[in-house]
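sequence below, structure please.
(chains A, B, C and D)
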2 protein chains.
Amino acid sequence: MTELSRFKADFFRALAHPLRIRIVDELRSGELTVQELGFRLGAEQSTVSRHLAVLRGRGILNARKEGQTVRYSAADATLFRLLDVARTMFNHQLSELQTTLADLKHGNSR
Amino acid sequence: MTELSRFKADFFRALAHPLRIRIVDELRSGELTVQELGFRLGAEQSTVSRHLAVLRGRGILNARKEGQTVRYSAADATLFRLLDVARTMFNHQLSELQTTLADLKHGNSR
DNA sequence: TCAATACTTGACAATATTGCCATATTCACA
DNA sequence: TGTGAATATGGCAATATTGTCAAGTATTGA
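Residues are numbered from 1 along each chain as shown, chains lettered A, B, ... in the order given. Below is the predicted model of the structure:
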């Protein structure tokens, strides 16, 4: 169905930014405030807040207001499983690249 | 590391389009030509070709030239596992949404 | 060699994303 | 009430993505 593919595309688009990937990675160990994230990632407060809004908007992160601060966390631990599977894919790609390079080195190509 | 997060973001960006999601889904059952994909997805040939180029550029798809046609396939079956995990996340989200709606209906909110 | 078929790609306008500054907004506390 | 701290957001320029048309490449077969 087209509707579902749009949902999925929106979801992946939410992850399609280096800072947002790093935000999610930082949240593996639990909740963090906007400030803490900004400090750890060395990014402007307004920039971090914008990216958090994107992730929150897709239901990827939860925001919990506590006094003046807002604590963000992963809405679903499955997110980390997804990132782990992605890492597996990268490793496969890197392995293939290595093999290709080794083949080239030994003149085994073409 | 920042380098890896950029790689990951690029990867997810490659999947961040409805048509590309549908292309990958069509390839679950095996190789398809550009034409076949265009027909199944009801999209212009040049448009399909562009999106295939994006997926190929990220190493997500392989292209195999055979005579006049080019057959595309997933470079790594892990891709489908990734999409399945993503589907799991959507289901969780939908379940939560359903719960929220039910709660609203019964006046259990706030 | 010529024409047809399958695909790719340059060019370009339309649209979307991003980062940052300045300005809200919300809350705590004197 | 007034001040400061934490977060969110309007506005905007810079940049990236997208779809389409037209033109290009490559292959097949007459």
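
how about the residues of chain A near DNA strand D?
Within chain A, the positions lying close to DNA strand D (CB under 7 Å from any atom of the strand) are A:33-35, A:45-46, A:49-50, A:52-53, A:63, A:68-70. Backbone N, C-alpha and C define where each C-beta goes, glycine included.

the residue nearest to residue A:78 when sequence neighbours are not counted: helix or strand, and which one exactly?
For residue A:78, ignoring the flanking residues on the chain, the nearest one in space by CB to CB, 6 or more residues apart in numbering or on different chains is residue B:89 at 4.8 Å. For residue B:89, the host element (DSSP states H and E) is helix B:78-105.

next one: that helix to chain centre, how far?
17 Å (CA atoms, centre = their mean, to the nearest Å).

just the buried residues of it, please?
B:78-79, B:82-83, B:85-86, B:89-90, B:92-93 (16 or more other CB atoms under 10 Å in any protein chain shown).

and chain A, what are its domains?
Split into domains by automatic domain parsing, chain A comes to A:2-75, A:77-110.

now those domains as TSV including distance to residue B:40 and mean pLDDT?
Shown next, in TSV, are the domains of chain A (distance: least, CB to CB, whole Å; pLDDT from 0 to 100):
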stretch	distance to residue B:40	mean pLDDT
domain A:2-75	12	96
domain A:77-110	25	81
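
tell me the most buried of those?
Highest mean neighbour count among the domains of chain A (mean count of other CB atoms under 10 Å in any protein chain shown): domain A:2-75, with a mean of 16.
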